[in-house]
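S.K.: Predicted model follows, preceded by the sequence.
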Amino acid sequence: MRRFLLTAASVVVLAVFVGSASVTFFMPRQRPPTDITVDITPDLIERGTYLVEQVLLCNDCHSECDWSIYGGPPMPPFGAGWRRWLRIR
């Protein structure tokens with residue numbers, strides 16, 4: 001029993017060491033954030049709306065779906081929350 005506990009403790013210590021070493025040496029270093037100011041213009045808002053609704057299709061996952069219609073299209077209000085996967089009403 002003592003040998004098993006010693007082996008288990010050794011494995012835990014080794015796992016902690018390897019985990020901390022991998023975080024220290026292999027994860028990318030982060031710089032502090034830069035101060036960026038963005039002017040909110042109608043053109044930027046229109047561009048963001050286009051990206052969300054047409055290109056990235058964010059509303060497909062971040063909106064409730066109307067499962068009474070074939071394919072379950074998103075219902076307004078769009079982007080009102082996170083839809084859990086495989087939740088069909």
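M.R.: Now that the structure is in, tell me what you want to look at.

S.K.: Low-confidence stretches in this protein?
M.R.: Within the chain, the ranges that satisfy pLDDT under 70 run 81-89.

S.K.: Now do the lengthiest helix in it: everything it contacts.
M.R.: Longest helix of the chain, by residue count under DSSP state H: helix 2-26. Contacts to helix 2-26, defined as CB atoms under 8 Å, 6 or more residues apart in numbering, come from no residue at all. The C-beta positions use only the backbone N, C-alpha and C, and glycine is treated the same way.

S.K.: starting at the chain centroid, how far to it?
M.R.: 29 Å (CA atoms, centre = their mean, to the nearest Å).

S.K.: ok, then the element right after it?
M.R.: helix 42-50 (DSSP states H and E).

S.K.: Could you check how far that next one is from the centre of its chain?
M.R.: Centre to centre, stretch against its chain (CA atoms, centre = their mean), the figure for helix 42-50 is 23 Å.

S.K.: now stretch 50-70
M.R.: Per CA atoms, centre = their mean, the centroid offset for stretch 50-70 relative to its chain is 17 Å.
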